[in-house]
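1. A structural model of the following input is requested.
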Amino acid sequence: MTEEIDKKIASLQKEKQLLEAQKTGITKEEFQAYVAVQYSGVTNMFNVGLVSELSDLSRNKIFSIMKNYDTLRKGYGVEEGEKDSHKIGIVNLKGF
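-> Numbers count the residues shown, from 1 in each chain. All right, here's what the predicted structure looks like:
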């Protein structure tokens, strides 16, 4: 019984994190595009112009991702430090 309750609590917490991520207005695909650039190591993420060019994200979306990064990471299931492209669904970088 306790195990079932713990599973339900974990499920509800995950659902809450997803809803909080969606509330930011950033889709999972947009976040993954940002993370693809981040993990590529091609540029410093504060070089917003190049990040925008590589990810096809607007400057406003990039700033929103930066501001809400932890919420998005938790909600969309990208674990901190997880760089395996098959785990986070990284798309090819534009121009690479």
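
2. can you tell me which helix in this protein is longest?
-> Determined from DSSP state H, the single longest helix within the chain is helix 2-23.

3. Report the buried residues of the very next helix or strand once past that helix.
-> Sequence order places helix 28-40 as the next helix or strand after helix 2-23, per DSSP states H and E. Within helix 28-40, the residues scored as buried using 16 or more other CB atoms under 10 Å are Lys28, Glu30, Phe31, Gln32, Ala33, Tyr34, Val35, Ala36, Val37, Gln38, Tyr39. All C-beta spots, glycine's among them, are computed from the backbone N, C-alpha and C.

4. Could you do stretch 8-26 as well?
-> Neighbour-count burial for stretch 8-26, counted by 16+ other CB under 10 Å, picks out Gln17, Ala21, Thr24, Ile26.

5. which residue is nearest the centroid of the protein?
-> The centroid of the chain falls nearest to Phe31 when counting by CA atoms, centre = their mean (3.7 Å).

6. close enough to count as contact, that one and Thr71?
-> No: in this structure Phe31 lies outside contact range of Thr71 using CB atoms under 8 Å: 10.0 Å.

7. if I look at those two, which residues touch both of them?
-> Ala21 (CB atoms under 8 Å, 6 or more residues apart in numbering).

8. Serialize the buried residues of helix 28-40 to JSON lines and add fields for pLDDT.
-> Shown next, in JSON lines, are the buried residues of helix 28-40 (pLDDT from 0 to 100):
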{"residue": "Lys28", "pLDDT": "96"}
{"residue": "Glu30", "pLDDT": "97"}
{"residue": "Phe31", "pLDDT": "97"}
{"residue": "Gln32", "pLDDT": "94"}
{"residue": "Ala33", "pLDDT": "95"}
{"residue": "Tyr34", "pLDDT": "96"}
{"residue": "Val35", "pLDDT": "95"}
{"residue": "Ala36", "pLDDT": "94"}
{"residue": "Val37", "pLDDT": "95"}
{"residue": "Gln38", "pLDDT": "94"}
{"residue": "Tyr39", "pLDDT": "92"}
